[in-house]
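Novice: Test case, fold it:
(chains A, B and C)
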Amino acid sequence: MTQPWILHEDRALPADPVTRPIAREVYQETKDLPIVSMHGHVPVEWFADDTPFPDPAQLLVVPDHYLLRMIVSQGRYGLNELGVTAVDGSLPTESDPRLIWRRFCEHWKSFRGTPTRFWTEHELVKIFGVTQRPSAETADAIYDRIAAELATPAFRPRALLDQFDIEVIGTTDPAWASLEHHQRLAAEGLGQRVLPTFRPDPLLQLDNPTFTHDVLATGAAAGVEVRDYPTYLDALRAQRLRFKAAGALATDHGCATPDTTPLPDDDAARLFDAAFNGRPVAAEQVTAFAAHMLFQMAQMATEDGLVMQIHPGVERGHSREMTRRYGPDKGYDIPFAVEYTRSLRPMLEAFGHHPNFRTIVFTLDEDVYSRELAPLAGVYPAMRLGAPWWFIDSPEAMRRFRETATETAGFLNLSGFVDDTRAFCSIPARHDLARRIDAGYLARLVAEHRLDLDEAIDTAKDLAYHLPKLAYEPR
Amino acid sequence: MTQPWILHEDRALPADPVTRPIAREVYQETKDLPIVSMHGHVPVEWFADDTPFPDPAQLLVVPDHYLLRMIVSQGRYGLNELGVTAVDGSLPTESDPRLIWRRFCEHWKSFRGTPTRFWTEHELVKIFGVTQRPSAETADAIYDRIAAELATPAFRPRALLDQFDIEVIGTTDPAWASLEHHQRLAAEGLGQRVLPTFRPDPLLQLDNPTFTHDVLATGAAAGVEVRDYPTYLDALRAQRLRFKAAGALATDHGCATPDTTPLPDDDAARLFDAAFNGRPVAAEQVTAFAAHMLFQMAQMATEDGLVMQIHPGVERGHSREMTRRYGPDKGYDIPFAVEYTRSLRPMLEAFGHHPNFRTIVFTLDEDVYSRELAPLAGVYPAMRLGAPWWFIDSPEAMRRFRETATETAGFLNLSGFVDDTRAFCSIPARHDLARRIDAGYLARLVAEHRLDLDEAIDTAKDLAYHLPKLAYEPR
Amino acid sequence: MTQPWILHEDRALPADPVTRPIAREVYQETKDLPIVSMHGHVPVEWFADDTPFPDPAQLLVVPDHYLLRMIVSQGRYGLNELGVTAVDGSLPTESDPRLIWRRFCEHWKSFRGTPTRFWTEHELVKIFGVTQRPSAETADAIYDRIAAELATPAFRPRALLDQFDIEVIGTTDPAWASLEHHQRLAAEGLGQRVLPTFRPDPLLQLDNPTFTHDVLATGAAAGVEVRDYPTYLDALRAQRLRFKAAGALATDHGCATPDTTPLPDDDAARLFDAAFNGRPVAAEQVTAFAAHMLFQMAQMATEDGLVMQIHPGVERGHSREMTRRYGPDKGYDIPFAVEYTRSLRPMLEAFGHHPNFRTIVFTLDEDVYSRELAPLAGVYPAMRLGAPWWFIDSPEAMRRFRETATETAGFLNLSGFVDDTRAFCSIPARHDLARRIDAGYLARLVAEHRLDLDEAIDTAKDLAYHLPKLAYEPR
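Specialist: Next up is the predicted model:
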């Protein structure tokens, strides 16, 4: 390939010659809408400090577990050879960013057919102006090109917020966060643009090895002295309000299952006391307490109006050895089947019609789209169905989501697109891909005379912009 | 939109320019075939009494839980504000049909992408001659138009049977039904056109609060004095025969799971005695007895030749509060995952090759199409796979059904299209949609040279007409 | 249809006019690649003895459970009437091959939309030169045509290996196989072309009624006197090496579930002793031992480098009566849901990064593609995802496999196409179909500008030829 590497303007639109022109027309109406990125994992410090990104590998490879896991799966390089530090000190870490970048480019072929390929192309061509397809041969030239861009002020985090037209971005923060970075951003006029999200997972999991420490830290941050179950609830309630005061619109729950069965208060108090005082709690009771606390979180949401995001169904750190060596979020999280109909029932029966309760439910298990989640979101006013997430945030999977959820849930019971990434530069690519896939799906409805064109355009705008705004509307 | 609202003649046919003309050709051959509607929930009184429908809201909105649930999910109106009576008297019921109709029209946008949108369009335009898209502005004009039509003799139930070209329609009737309406219809020459279906669910569920009453009522209807388990079986057997004599071709089983494991007779008798005499029965034993009785129903089917329809996998009344307030079938029924391979084994091992046994198995869990149901229907002569049902009786889901079931089950192990609705006026729309989707699927097989056109047309006629006739053929 | 029956050259390629020409271009590049058939069930004797096939029915109908099950499902003929011997002597077996062939041709309609239809068309037209569509009327003429071909030397098994361009074919052999047929083939220069595969299922299942006999037979074949658990492991290890010496590249595991949880050695030894000495073993312990032994097989694979193929999730002999009467593999095997994330964890944690371990994991449960198998194969270097298998080795299901597995696993973590058939003449048809479906999928990626054409062609060749070679590369 000697021609310059150019992305086709119709990429990811349907191929058939009747549908494509309609899809193009729909996409034209959404492609320039601002980005609402209410759920993600970009570190708040990047915006608070606004320091330049060090190099292409540290920006694009090392923090992106989608890239890392695919390269690891090919068997040539371990994570340490890709710049990930072995926290147990068992292996040396590759520190030459150029070498890490080369290893990524060598593996370009292995990304064919994956969304990573699509996002990375977008980033390289659209953001960094790269004109060559990645390969062992072109790795250095591409590296130099990106490194040169990163050295300019236009590529500092806050400037990229503007360049990407990100209207608002949510970070994910531990329940005990001091929120100082968000306060600094607020003082500098970015308080409405970079918002914290309350993530209490470790506080709800009695077998968390640092449970007592985390609970006390949360109490300290909230100004509540935790001694027992009631003061623990007080600390959670208070800290939620502190987050809300700092701009938070939502909480996030990465629970193992979406079970929301409450326990009698006495039982919950007794289990809390045991764990808080370092006594062992049986596995079933750990699980039961987590379900109980999910119910409590919903209760608190009816009080403070924070939107409750539920992200269940992942076996974190599937390879315990690799997790011990490299820490969490390195590509070893594997989904499993999850039940929602009975699990969410206690919460939805109690609060599903409550005017102040809002929950957005996500899944990595596509089976439940048509069987459980769309039927639930299609009747309970409080529930929205979250966009495809993580592994299934990809062209084919997004299309399947539209095809399996829409017929029962409609469009207005969805949250619109939610990117959920820690790879900052992939955010515009992800939203662009979602808008293209939605344009294609809606164009097919038009081509099949199931929707009029004006309705398709209106719905595309809803999905890209208005529904995320509405789903997380401040209350 | 100032132009009159017209439905495109190619709606729901595939968009691509190679496949559409073939689909059109196939659809032309099935669109005017009579409707065989062997499974549904239209009340038999409508036909027996042939009274005019009171108003548009009572005909099209209040009895249709698909419409109700979508409006409720948007959070503005409760069921009582849509004309549904709160049976506990807790809330006033909106009694102005014009206001109910307006509320539905206001929510027209929320139905985009759903089958309800497709069916309703068909009803409004094709049956009632409406020429405006529903909205808050057009609601009253549309109301008047429909109300005027309903006042004419052409829109009375029996006239609509003719207008819709319904060759035969099955109603669903409780096991203790007197069948007087069906007898009246028979006396008036409609005995071959409106058929009862035997639905014994409450009699097989030992935790049914009115179990003893329902059993005694069934015995009374059948002329059998029930005292114990053997006479209970006698009553069921006798009442099945009474239904058969009144024209019934099938029984219907809305069981929680499709488990068919029989118990030893002594155990079954003991459990029956306990429940019949008002003593408590443990939850597992309630479940075990239900499975046992499903097996008994299959056994009886080998004797009387009634087709056994199995519809499992729904949590009825997911919100117990709403169910207490409004009663069953108001949109709060939510599917869950169901296992068929092991559950149906006892029944299929015993009767799956029996020349007089026929069962049609339905699902709301699409996962089992390719994994369990198609492999089972593809070998056991007694079993057919029911068409997509309820939530999955929609364009995309019907297409998925064809794509995932056909390759293993073929077409001849299916029951053909079964509408299963209580919304009478949606019956022609539902059959029309199914015929369009099948035409599109078969056209694709032709376009991909996997089937010849003559075969595609022959198969389309099978699915629309011949297979339902065959599946429920009187014996 | 009076014109001769001709297969369209574009069959199974996408219909849309933009994608089809690209698909044709991709398919042109793979259609003539040699066949690598590393997993199948063609009896080794066919090649060792090279005797002519007796007649069309014995070649194409009687051994093919896909055909048999579909005909049985139509209710007119039992298996005995299709030439299958009732091993319990309860029913006479039809012995007239022409009559069996006629019964198959009568049922031609029932195969519409199934892959059997596609494969059989290919066999009849491309291999045997048939020019008439099968039917009751044409059955005899077709029979005569095939019978005439079978009488020629060109249709003897070894000649067909050449005609089909099969570079290498794996047979499946019991763990106690003497391997004499393979040795004879090796002596005649076919040792690199027809390879044995080690299948130890009955030795890992303590409730196998002939467990002790099978273990002793394996020991005898391996030259190991089995007395206890350690010598049992020795026999397995030694016999694996004998298979490897005879050319084997892989082992095959048709386990009920993919659970790989090891037991403490003492527990395993005690369970083995009980079963080996004819004492009863509880069902849960049978299951636990099978999981333990799957782990041991993985351990041995790290030692001898044989590729471990895992094929779980089938209820064998669903109708016990039919299985007693006709034996296994007669169409009564039905899939069920299977869990992989937690089941494979012990094996993948222990050996998933081992440089000498390779496992290929198959499924009949499509739900796990995107949820479990692609995420696992997309990170563990030792694991590849097997191609669609058995019921899901069909046009629509292969397309779904590409759409749901590729985005997370990419293409390079797959094994490429594996046919897994006992119908020898269907092998070229199956590979041809897979190449067509892959061409269609890749062409869509090109048409949607998600892949460049050169990449699509390169990937198509990988899937058809290079990946199967690599996945089973001798070590």
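
Novice: And the residue sitting nearest the centre point of chain A, how far from chain C?
Specialist: For chain A, the residue lying nearest the average C-alpha position, counting by CA atoms, centre = their mean, turns out to be A:Asp420 (1.8 Å). In this view, A:Asp420 and chain C are 15 Å apart by CB to the nearest CB, to the nearest Å. In short, each C-beta sits where N, CA and C put it, glycine included.

Novice: likewise A:Ala434?
Specialist: Taking CB to the nearest CB as the measure, A:Ala434 falls 14 Å from chain C.

Novice: now do A:Ala248
Specialist: Computed with CB to the nearest CB, the distance linking A:Ala248 and chain C is 31 Å.

Novice: what's near enough to touch the nearest residue to that residue once chain neighbours are set aside?
Specialist: Distances taken as CB to CB, 6 or more residues apart in numbering or on different chains place A:Pro196 nearest to A:Ala248, at 4.8 Å, with adjacent residues excluded. A:Pro196 makes contact with A:Val44, A:Gly170, A:Thr171, A:Asp173, A:Ala177, A:Leu179, A:His182, A:Phe243, A:Ala246, A:Gly247, A:Ala248, according to CB atoms under 8 Å, 6 or more residues apart in numbering or on different chains.

Novice: how about a cut-off of 10 Å?
Specialist: Under the criterion of CB atoms under 10 Å, 6 or more residues apart in numbering or on different chains, the neighbours of A:Pro196 are A:44, A:170-174, A:177, A:179, A:181-183, A:185, A:242-244, A:246-250.

Novice: Tell me which entries of these lie within helices.
Specialist: Assignment to helices by DSSP state H places the following of those there: A:Val44, A:His181, A:His182, A:Gln183, A:Leu185, A:Arg242, A:Phe243, A:Lys244.

Novice: How many neighbouring residues does the residue of the stretch 201-350 of chain A found nearest chain B have?
Specialist: With CB to the nearest CB, the shortest gap between the stretch 201-350 of chain A and chain B falls at A:Thr341, namely 4.4 Å. As a burial measure, the neighbour count of A:Thr341 was computed by other CB atoms under 10 Å in any protein chain shown and equals 22.

Novice: Give the helix, strand or coil label for it.
Specialist: Using DSSP: H, G, I helix; E, B strand; the rest coil as the criterion, the local structure at A:Thr341 reads coil.

Novice: and it, how far is that from B:Ile334?
Specialist: Distance of A:Thr341 to B:Ile334, given as CB to CB, to the nearest Å: 5 Å.

Novice: which residues do those two both contact?
Specialist: When CB under 10 Å, 6+ apart defines a contact, the residues bordering A:Thr341 and B:Ile334 alike are A:Leu348, A:Arg371, A:Glu372, A:Leu373, A:Pro375, A:Leu376, B:Gly313, B:Val314, B:Glu315, B:His318.

Novice: Widest-spaced pair of these?
Specialist: Of all pairs drawn from those, the one with the longest distance (CB to CB) is A:Leu348 and B:Gly313, at 18.7 Å.

Novice: before we move on, the earlier item: gap between the residue nearest to A:Ala248 and A:Asp32?
Specialist: Using CB to CB, one gets 28 Å for the distance from A:Pro196 to A:Asp32.

Novice: and the residue of the stretch 51-200 of chain A found nearest chain C, which of the three is it?
Specialist: Relative to chain C, the nearest point of the stretch 51-200 of chain A is A:Gly75 (3.6 Å; CB to the nearest CB). The local conformation at A:Gly75, judged by three-state DSSP, is coil.

Novice: could you say which helix or strand contains the residue nearest to it when sequence neighbours are not counted?
Specialist: In space, A:Gly75 comes closest to C:Pro381 once its chain neighbours are excluded; the distance is 3.6 Å by CB to CB, 6+ apart. Secondary structure assigned from DSSP states H and E places C:Pro381 in neither a helix nor a strand.

Novice: contacting residues around C:Pro381?
Specialist: Counting by CB under 10 Å, 6+ apart, the residues that C:Pro381 touches are A:72-78, C:352-355, C:357-358, C:413.

Novice: same check, this time on A:Ala464
Specialist: A:27, A:29-36, A:416-417, A:431-432, A:434-435, A:438-439.

Novice: again, only this time at 7 Å
Specialist: The neighbours of A:Ala464, taking CB atoms under 7 Å, 6 or more residues apart in numbering or on different chains as the test, are A:Thr30, A:Leu33, A:Gly416, A:Phe417, A:Arg435.

Novice: cool, and A:Cys105?
Specialist: With contact set as CB under 7 Å, 6+ apart, A:Cys105 has these partners: A:Pro134, A:Ser135, A:Ala136, A:Thr138, A:Ala139, A:Ile142.

Novice: Give me the pLDDT value at the residue of the stretch 1-150 of chain A found nearest chain B.
Specialist: With CB to the nearest CB as the measure, the residue in the stretch 1-150 of chain A that lies nearest chain B is A:Asp16; the distance is 4.2 Å. The predicted structure scores A:Asp16 at 96 on the pLDDT scale.
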